[in-house]
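Q: What follows is a predicted structure for the sequence shown.
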Amino acid sequence: MMEKVSFDYGKAAGFISQEEVSYMEKLVEDARKVLVSKSGAGNDFLGWLDLPVEYDKEEFARIKKAAEKIQGDSEVLVVIGIGGSYLGARAAIEFLRHGFYNNVSKEIRKTPEIYYAGNSISSSYLAGLIEVIGDRDFSVNVISKSGTTTEPAIAFRVFKEMLEKKYGKEGAAKRIYATTDKARGALKGLASEEGYESFVVPDDVGGRFSVLTAVGLLPIAVSGADLDKLMEGAAAGRERALNQPFAENDAMQYAAVRNILLRKGKAVEVLANYEPSLHYVSEWWKQLYGESEGKDQKGIFPASVDLTTDLHSMGQFIQDGSRIMFETVMNVEKSRSTIKINQEPVDLDGLNYLAGKDMDFVNKSAMNGTILAHTDGNVPNLVVNIPEQNEFYLGELFYFYEFACGLSGYLLGVNPFNQPGVESYKRNMFALLGKPGFEAEREELLKRL
Ligand SMILES: O=P(O)(O)OC[C@H]1O[C@](O)(CO)[C@@H](O)[C@@H]1O
């Protein structure tokens, strides 16, 4: 059988019977029909379903060209965006490229350093980044679907001014790449006015589902990763998700099993990895599931841990704290590199019993031991197997999670494709900042502070 990203709930057998899973089959099958026929809630945001096979080929070629230009004329790329407008790119670059991407020598990396801005409002962070760039040549990819999000807009103002000081207005315009709505929003207006090269976030693709649009693809291409392979993997994932029957359909089974666990009171899902380079896959996943399912006072709270690191901090809680969670382990089957543990003539550190073994053997033993320990501690453990860290499997993994998320939202009875809840903090912040139009709210809030 061809290797693939796969889902395995075998270790959760003590918590979920085969029968229960089979009861879910019809429900998940119905959810798939609703999703694929685009007849459910939020159906105007389903462009991501077909992206791996129906993307804009002209724009795809332009993304690769722009990436080459940036690679040729910039030592640094600053990716400005927040939430779905940066997490996918960051997840992909960290998953696919060197573990110390920005720190390793240019000879090894071969592509520009990549930094992220506009994902907080910290002036210390931005000032630090400006120092890191120094007087080196750089370009900016500013990404905002709405084109009006405060965090990236502020960061962009700062970097735009820096670029214009350094290269003049015209020179700066050639180093600014704007990824935004095709017609609406302040960023679109700015891009047209100033003549920035622009890429489109399609109307029917929400931020958290946009990694396979220009939103993710331009920064990923600049990092030197292979976009074609990424899309191929996503297309393979799509093929399986859309067409395979429940018994062989990993995305459908993941949606079914997490829904069963939620109904048993497991309201938290902890996504665990054993590779630091998967940290941002978890961050991307948390937004995907959190924004899609956390509404109408419902949903599974998506949390994540980096292991074995967090076994020495959060491990106690997972093993023995409130029994509110299940755990989903991302298992990278074949590690990117191997390091052998050598024999020492005198076994002072007591590690000679591991001599001759690869570190990855130790890592996998830690993983397997932890899965069983947490299972014994009444935390159902699910596993997502990833054959190895390459573009193809990452594309497959992205699609697997996205498709399962759509199904899961429908099983929960929510609209998985909106995010009305994120507006509340924005309204308060605008009111406190004195943004025109928020005067009444401002009075009320000031009384409460
Ligand atoms: O791309 P935009 O419009 O700047 O939005 C960034 C992020 O902010 C949100 O709209 C939440 O405020 C997310 O859904 C989105 O991914």
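A: Received the coordinates, thanks.
Q: OK, contacts around the closest residue to the ligand within the stretch 201-350 of the chain?
A: For the stretch 201-350 of the chain, the residue closest to the ligand is Gly207, as judged by C-beta to the nearest ligand atom, at 2.6 Å. (Glycine included, C-beta is placed from N, CA and C.) Shown here is Gly207, whose contacts under the criterion C-beta atoms under 8 Å, 6 or more residues apart in numbering are Gly83, Gly84, Ser85, Lys145, Val201, Val215.
Q: Spit out the contact partners of the residue most central in space within the chain.
A: When C-alpha atoms, centre = their mean is applied to the chain, the residue found nearest the centroid is Trp284 (2.2 Å). Trp284 makes contact with Leu87, Gly88, Arg90, Ala91, Arg208, Val211 under the criterion C-beta under 8 Å, 6+ apart.
Q: Those residues: which two are farthest apart?
A: Arg90 and Arg208 (13.3 Å; C-beta to C-beta).
Q: for the record, mean pLDDT for stretch 350-362?
A: Taken as a whole, stretch 350-362 carries a mean pLDDT of 98.
Q: Endpoints of it, how far apart?
A: Stretch 350-362 has an end-to-end distance of 15 Å (criterion: C-alpha to C-alpha, to the nearest Å).
Q: What parts of this protein come near the ligand?
A: By the rule C-beta under 6 Å from any ligand atom, the part of the chain lying against the ligand is 82-85, 144-146, 149, 152, 207-208, 291, 419, 422.
Q: Redo those residues as TSV? Include pLDDT and secondary structure.
A: Conversion of those to TSV gives the following (pLDDT from 0 to 100; DSSP: H, G, I helix; E, B strand; the rest coil):
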residue	pLDDT	secondary structure
Ile82	98	coil
Gly83	98	helix
Gly84	98	helix
Ser85	98	helix
Ser144	98	strand
Lys145	96	coil
Ser146	94	coil
Thr149	96	coil
Pro152	98	helix
Gly207	98	helix
Arg208	98	helix
Glu291	98	helix
Gln419	95	coil
Val422	92	helix
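Q: Which PyMOL command selects the buried ones in the residues you listed?
A: Selection of buried members from these for PyMOL, criterion 16 or more other C-beta atoms under 10 Å:
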select buried, resi 82+83+84+85+144+145+146+149+152+207+208+291+419
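Q: Nearest to Lys57 among the residues of the chain next to the ligand?
A: Using C-beta to C-beta, Lys145 comes nearest to Lys57 of the residues of the chain next to the ligand, at 21.3 Å.
Q: In contact with that closest one, which residues?
A: Under the criterion of C-beta under 8 Å, 6+ apart, the contact list for Lys145 reads Gly84, Ser85, Thr180, Asp181, Gly185, Val201, Gly206, Gly207, Ser210, Val215.
Q: ok, now how distant is it from Lys182?
A: Separation of Lys145 from Lys182 (C-beta to C-beta, to the nearest Å): 10 Å.
Q: for this protein, which strand is longest?
A: When the chain is scanned for its longest strand (criterion: DSSP state E), the result is strand 325-334.
Q: Of all the residues in it, which ones are buried?
A: Of the residues in strand 325-334, those buried under the neighbour-count criterion (16+ other C-beta under 10 Å) are Met325, Phe326, Glu327, Thr328, Val329, Met330, Asn331, Val332.
Q: Pipe the residues you listed into a markdown table and attach pLDDT per row.
A: Formatted as a markdown table, the entries for the buried residues of strand 325-334 read as follows, by pLDDT from 0 to 100:
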| residue | pLDDT |
| --- | --- |
| Met325 | 98 |
| Phe326 | 98 |
| Glu327 | 98 |
| Thr328 | 99 |
| Val329 | 98 |
| Met330 | 98 |
| Asn331 | 98 |
| Val332 | 98 |
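Q: closest to Asp56 among these?
A: Each of those was checked against Asp56 using C-beta to C-beta; the closest is Met330, at 30.5 Å.
Q: Fine by me, we can end here.
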